[in-house]
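Student: here is a sequence with its predicted model. Questions after.
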Amino acid sequence: MSAAPSASGNSPSASETSCDVVVVGAGFAGLYMLHRLRGLGLKARAFEQGDGVGGTWYWNRYPGARCDVESMQYSYSFSDELQQEWDWSERYAPQPEILKYANHVADRFNLRPDIQFNTRVEHCMFDESTNHWSVTTSDGKNVTAQFVVLATGCLSNARMPDIKGIERFEGKVYHTGNWPHEEVDFTGLRVGIIGTGSSAIQSVPVIAGQASHLTVFQRTANFSIPARNALLCAEERERFRQNYPEIRRFAREVARNGIYTDLPDRGALDDGDDERRARYEARWQRGGLTFMSAYNNLALCKASNDTAADFVREKIAEIVKDPDTAKLLQPDSYPIGTKRICIDTDYFATFNRPNVTLVDIKSNPIDEILPHAVRAGGKDHEIDALVLATGFDAMTGSVAKIDIHGRNSQTLNRKWAEGPKTYLGLMSAGFPNLFIITGPGSPSVLSNMIVSIEQHVDWIADCMAHMRHHGFEAMEATRQAEDKWVAHVNEVASATLYPQANSWYMGANIPGKPRIFMPYIGGVGPYRQICNDVAAKGYEGFAMTRVEAPRKVAAS
């Protein structure tokens with residue numbers, strides 16, 4: 001049994017002012033980074049703004065919150081003892097169980113003494129004379145470190161919408177990305193939820209089961225596949241564990257998204273109508289993200305993609321009894337999969353309930369929030385509580401909250417004003433010794449995040465060991481390598497259907513944010529090989545600075 005997180009007792013001593021590495025965040029990336037740094041004998045301190053570990057799974061506690069990657073795969077692989085001993089209870093673990101797992105890892109590897117909770121990193125300033133970072137935290141302390149590792153997470157900066165009158169609403173307002181730690185009971189309340197992304201698709205069926213009435217305000221319909229969640233039996237867990245070496249190898253080296261599944265050998269138009277429909281039906285009945293792996297060209301060929309999109313739209317029409325509501329719930333403005341496909345439990349069926357109303361705010365935009373209602377298209381929808389399922393400032397938002405100054409006092413926010421620029425998603429030119437875990441320009445959110453986190457952490461740790469062994473004290477991406485990589489990321493994305501969607505992959509959910517496809521879509525396996533090749537070539541594309549030997553002073 002894992003111990004409850006401590007917000008103070010395990011914090012590093014306030015008198016400590018220097019270390020080798022500052023890690024920002026104590027989610028899955030920060031925890032594994034701490035573990036690897038300890039193994040290297042480096043002194044590290046992690047700063048976490050929450051009062052416990054878990055990152056995304058600490059903050060996202062909304063009703064129905066689950067991972068969309070199967071539990072047995074959404075787990076660390078670095079310790080065979082860990083993956084053999086932990087018992088996942090369901091095919092898709094609920095948020096409390098994932099958070100319990102994070103706490104178990106923190107305790108099992110004794111990571112808490114290196115974490116300071118309830119503390120934000122506010123400023124990072126690079127000192128070119130010492131090749132070290134000066135880090136200022138929310139408690140007013142300064143820490144000097146050779147390296148800073150941003151383990152801030154891709155979906156950890158909740159986006160608050162700019163809606164007229166929201167401050168006048170007299171009921172409770174909740175955001176799915178920053179949910180209260182105490183249980184929220186909507187029994188007997190009229191609830192409004194704005195947004196129909198993944199967090200809404202998971203929470204709507206649960207809230208509808210409690211509320212006297214639920215009004216869902218939808219701007220853009222979303223494709224969603226049934227999860228087919230179920231309890232895991234001991235035999236299923238054991239069968240998976242025995243096959244872990246092959247499953248992990250496949251996820252790292254073969255699967256484009258880091259998920260173990262059967263790979264297709266043909267495109268959607270290579271099959272006849274009946275055979276193709278049977279294949280989609282089998283994936284639909286199995287459930288989960290692997291629906292998009294039914295054929296090998298769904299992300300590349302619009303005609304092939306249309307066959308999958310039409311199948312899902314037909315399923316929505318079969319499930320939802322009211323034809324007008326079904327039509328509103330059928331996405332028709334972007335190819336399936338170009339926004340992160342959702343998985344659900346009875347989401348579409350929920351709109352058959354008499355206490356659920358769908359409001360189309362694309363044709364009837366929200367005018368304002370009143371003290372007891374949401375006014376949309378001139379009509380007032382009375383509510384007692386409001387849920388904002390409006391997503392995140394993804395991939396860059398959690399980094400942008402930190403005031404980071406690199407060479408010549410340039411800020412990272414200023415450099416990224418027209419879109420994030422990185423080399424391999426790991427470093428940004430002009431910011432030496434600053435590493436980013438699963439940053440823009442890496443597979444990141446297009447993959448099983450744990451697979452990508454472990455790959456990045458291992459690469460960064462090996463890089464630090466290389467620098468120590470060879471006497472390097474500073475490392476940074478060259479602008480030439482960075483420009484070439486950014487061009488490659490965009491070139492690969494443009495060969496797919498992904499840029500056709502106004503998704504958070506493109507930053508399209510944030511007003512004024514540049515429209516640039518942020519993750520690397522070339523695949524987890526090819527990306528890993530690129531990173532390995534860069535390291536094998538002496539960290540090609542990175543500039544290294546050696547420790548200067550002290551000059552001898554001539555005797556007088």
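Tutor: Sure thing, it's come through.
Student: going forward, measure contacts and count neighbours with C-alpha atoms only.
Tutor: OK.
Student: what helices and strands are in contact with the helix or strand harbouring P526?
Tutor: Using DSSP states H and E, P526 sits within helix 524-536. When contacts are defined as 3 or more C-alpha pairs under 8 Å, 6 or more residues apart in numbering; DSSP states H and E, helix 524-536 packs onto helix 244-253, helix 449-470.
Student: hey, which of the ones you listed is tucked in deepest?
Tutor: For the helices and strands packed on helix 524-536, average neighbour numbers computed from mean count of other C-alpha atoms under 10 Å are highest in helix 449-470, which has a mean of 19.
Student: tell me the angle that one makes with helix 524-536.
Tutor: Here helix 449-470 runs at an angle of 10 degrees relative to helix 524-536 (axes from the mean of the first three to the mean of the last three C-alpha atoms, to 10 degrees).
Student: of all the helices and strands packed on helix 524-536, which one is nearest G50?
Tutor: When these are compared by C-alpha to C-alpha, helix 449-470 sits nearest G50, at 20.1 Å.
Student: pLDDT below threshold where in the stretch 201-350 of the chain?
Tutor: In the prediction, the stretch 201-350 of the chain carries no residues with pLDDT under 70.
Student: ranges for the strands of it?
Tutor: Secondary structure of the stretch 201-350 of the chain (DSSP state E, counting those that start in this stretch): strands at 213-218, 224-226, 342-344.
Student: D306: which of those is closest?
Tutor: The nearest among those, by C-alpha to C-alpha, is strand 224-226 at 15.1 Å.
Student: now the angle from the helix holding P526 to helix 244-253?
Tutor: Computed by the same axes, to 10 degrees, the angle separating helix 524-536 from helix 244-253 equals 80 degrees.
Student: and the next helix or strand past helix 524-536?
Tutor: strand 542-546.
Student: chain center to stretch 46-55, what's the gap?
Tutor: 16 Å (C-alpha atoms, centre = their mean, to the nearest Å).
Student: follow-up on the earlier one: in the helix holding P526, what's buried?
Tutor: Judged by neighbour count (16 or more other C-alpha atoms under 10 Å), helix 524-536 contains these buried residues: V524, G525, P526, Y527, R528, C531, A535.
Student: mind putting the helices and strands packed on helix 524-536 into TSV with distance to V135?
Tutor: Output for these, formatted as TSV (distance: least, C-alpha to C-alpha, whole Å):
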stretch	distance to V135
helix 244-253	34
helix 449-470	19
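Student: picking that back up, what pLDDT, on average, does the helix holding P526 get?
Tutor: Throughout helix 524-536, pLDDT has a mean value of 97.
Student: so it versus strand 542-546, what angle?
Tutor: Using the same axes, to 10 degrees: helix 524-536 against strand 542-546 is 30 degrees.
Student: the helices and strands packed on helix 524-536: which one's closest to E122?
Tutor: Among those, helix 449-470 comes nearest to E122, with 22.8 Å by C-alpha to C-alpha.
Student: distance between the closest one and the chain's centre?
Tutor: 19 Å.
Student: what sits up against it?
Tutor: Outside helix 449-470, the residues within contact range by C-alpha atoms under 8 Å, 6 or more residues apart in numbering are 28-29, 32-33, 36-37, 40, 74-76, 78, 251-252, 258, 426, 435, 437-438, 443-444, 473, 524, 528, 531, 535.
Student: out of those residues, list just those in helices.
Tutor: In this view, the contacts of helix 449-470 that belong to helices under DSSP state H are F28, A29, Y32, M33, R36, L37, A251, R252, V524, R528, C531, A535.
Student: tell me how far the third one lies from A102.
Tutor: Meaning Y32. Using C-alpha to C-alpha, to the nearest Å, Y32 is found at 10 Å from A102.
Student: same question, the fourth one
Tutor: Noted for M33: a distance of 13 Å to A102, by C-alpha to C-alpha.
Student: can you give me the strands in the stretch 351-500 of the chain?
Tutor: Going by DSSP E, counting those that start in this stretch, the stretch 351-500 of the chain shows strands at 356-360, 366-370, 373-376, 379-382, 385-388, 403-405, 434-436, 472-477.
Student: tell me the most buried of these?
Tutor: strand 434-436 (a mean of 25).
Student: any idea how far it is from the chain center?
Tutor: 17 Å.
Student: pull the residues that contact it.
Tutor: F147, V148, V149, L150, A151, G425, L426, M427, S428, I460, E476.
Student: relative to G267, which of those is nearest.
Tutor: G267 lies nearest to G425 out of those, by C-alpha to C-alpha, at 30.5 Å.
Student: the closest one touches T438, doesn't it?
Tutor: Yes - in terms of C-alpha atoms under 8 Å, G425 counts as a neighbour of T438; the distance is 6.6 Å.
Student: more neighbours: which of the two?
Tutor: T438 (30 against 26; other C-alpha atoms under 10 Å).
Student: residues contacting that one?
Tutor: T438 is in contact with G153, C154, G425, L426, S444, V445, S452, I453, H456, counting by C-alpha under 8 Å, 6+ apart.
Student: can you name the residues in contact with the helix holding P526?
Tutor: 251-258, 424, 442-443, 447, 452, 455, 459, 463, 540-541.
Student: mean neighbour count and distance to I402 for the strands of the stretch 201-350 of the chain - can I get that in JSON lines?
Tutor: Listed next are those as JSON lines, based on neighbours: other C-alpha atoms under 10 Å; distance: least, C-alpha to C-alpha, whole Å:
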{"stretch": "strand 213-218", "mean neighbour count": "24", "distance to I402": "32"}
{"stretch": "strand 224-226", "mean neighbour count": "25", "distance to I402": "34"}
{"stretch": "strand 342-344", "mean neighbour count": "23", "distance to I402": "30"}
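Student: got those as CSV, with distance to I383 columns?
Tutor: What follows is those, written out as CSV (distance: least, C-alpha to C-alpha, whole Å):
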stretch, distance to I383
strand 213-218, 8
strand 224-226, 27
strand 342-344, 25
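Student: closest to T17 out of those strands?
Tutor: So among these, strand 342-344 is nearest, using C-alpha to C-alpha, at 44.6 Å.
Student: dump the contacts of strand 434-436 into a markdown table; add pLDDT and distance to V53 as well.
Tutor: Formatted as a markdown table, the contacts of strand 434-436 follow (pLDDT from 0 to 100; distance: C-alpha to C-alpha, whole Å):
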| residue | pLDDT | distance to V53 |
| --- | --- | --- |
| F147 | 98 | 21 |
| V148 | 98 | 19 |
| V149 | 97 | 16 |
| L150 | 96 | 15 |
| A151 | 95 | 12 |
| G425 | 95 | 24 |
| L426 | 97 | 23 |
| M427 | 97 | 25 |
| S428 | 96 | 27 |
| I460 | 98 | 21 |
| E476 | 97 | 29 |
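Student: N178: how many residues sit nearby?
Tutor: 18.
Student: and if you look at E318?
Tutor: 14.
Student: please apply the same query to the one 4 residues further on.
Tutor: D322 has 12 neighbours, counted by other C-alpha under 10 Å.
Student: just the strands in the stretch 1-150 of the chain please.
Tutor: With DSSP E, counting those that start in this stretch as the criterion, the stretch 1-150 of the chain has strands spanning 18-24, 44-47, 115-116, 121-127, 132-137, 142-150.
Student: need those strands in TSV (columns: mean neighbour count and distance to I341).
Tutor: Formatted as TSV, the strands of the stretch 1-150 of the chain follow (neighbours: other C-alpha under 10 Å; distance: least, C-alpha to C-alpha, whole Å):
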stretch	mean neighbour count	distance to I341
strand 18-24	22	29
strand 44-47	25	32
strand 115-116	28	34
strand 121-127	21	33
strand 132-137	22	37
strand 142-150	22	27
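Student: let's have these in JSON lines, adding distance to F223.
Tutor: Formatted as JSON lines, the strands of the stretch 1-150 of the chain follow (distance: least, C-alpha to C-alpha, whole Å):
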{"stretch": "strand 18-24", "distance to F223": "34"}
{"stretch": "strand 44-47", "distance to F223": "37"}
{"stretch": "strand 115-116", "distance to F223": "39"}
{"stretch": "strand 121-127", "distance to F223": "37"}
{"stretch": "strand 132-137", "distance to F223": "41"}
{"stretch": "strand 142-150", "distance to F223": "32"}
